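[1] coordinates only, no sequence provided:
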């Protein structure tokens, strides 16, 4: 097949090609208009720790100790820390939040635990490459709230 023949085939199918392009653009536009806006706030935490190696007794930087970064990331994403964030931001004090909790869980459990689980679902922890910095990111519908939660997890 020559280039001329290929261009003739495309010219003969131009209505199908344009209809496919138009349908794709319209579907993408519709999806972006009905999708709720989401904001992501990110803060960085420096994990600087010099500990003693239990085997050799030498003082080592924390990032050289095996499992140090993973342990710190697990601590940040723990339910205990999420409960502290709920308490620090007083999220369970709002009557609207209490109503949402009752509707979602039929009043079972506590609002603090329900809120902590919701916060952990939208939390993302990413270690920086070859450094002691961890990025704490939180996604939410309100940019100020997302920033406050990300900073509270970092604290």
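    Looks like it came in fine. No experiment lies behind these values; they were computed from the predicted model shown.
[2] next secondary structure after the longest helix seen in the chain?
    If you go by DSSP state H, the chain has its longest helix at helix 14-34. Past helix 14-34, heading to the C-terminal end, the next element that is a helix or strand (DSSP states H and E) is strand 39-46.
[3] give me the contacts around that next one.
    Taking C-beta atoms under 8 Å, 6 or more residues apart in numbering as the criterion, the residues outside strand 39-46 that touch it are 76, 128, 132-143, 146-147, 149-151, 154. Every residue, glycine included, has its C-beta placed from N, CA and C.
[4] ok, 7 Å please
    Outside strand 39-46, the residues within contact range by C-beta atoms under 7 Å, 6 or more residues apart in numbering are 132-140, 143, 146-147, 150-151, 154.
[5] do stretch 147-154 as well
    Outside of stretch 147-154, the residues within contact range by C-beta under 7 Å, 6+ apart are 41-43, 45, 76, 81, 85, 88-89, 119, 123, 136-138, 140.
[6] and if we set it to 10 Å?
    39-45, 76-77, 81-82, 84-89, 91, 119-120, 122-125, 134-140, 142 (C-beta atoms under 10 Å, 6 or more residues apart in numbering).
[7] the residue most central in space within the chain - nearest residue in space that isn't next to it in sequence?
    The centre of the chain sits closest to residue 124, judged by C-alpha atoms, centre = their mean, with a distance of 3.8 Å. Spatial nearest neighbour of residue 124, chain neighbours left out: residue 137 (4.4 Å); criterion: C-beta to C-beta, 6 or more residues apart in numbering.
[8] that neighbour reaches residue 76, doesn't it?
    No - the pair residue 137 / residue 76 is not scored as a contact, 11.2 Å apart, by C-beta atoms under 10 Å.
[9] who touches both of those two?
    Common neighbours of residue 137 and residue 76, counting by C-beta under 10 Å, 6+ apart, are 123, 125, 153.
[10] save these as CSV, and put in distance to residue 106 and pLDDT too.
    As requested, those are arranged in CSV below (distance: C-beta to C-beta, whole Å; pLDDT from 0 to 100):
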residue, distance to residue 106, pLDDT
123, 25, 91
125, 31, 91
153, 28, 90
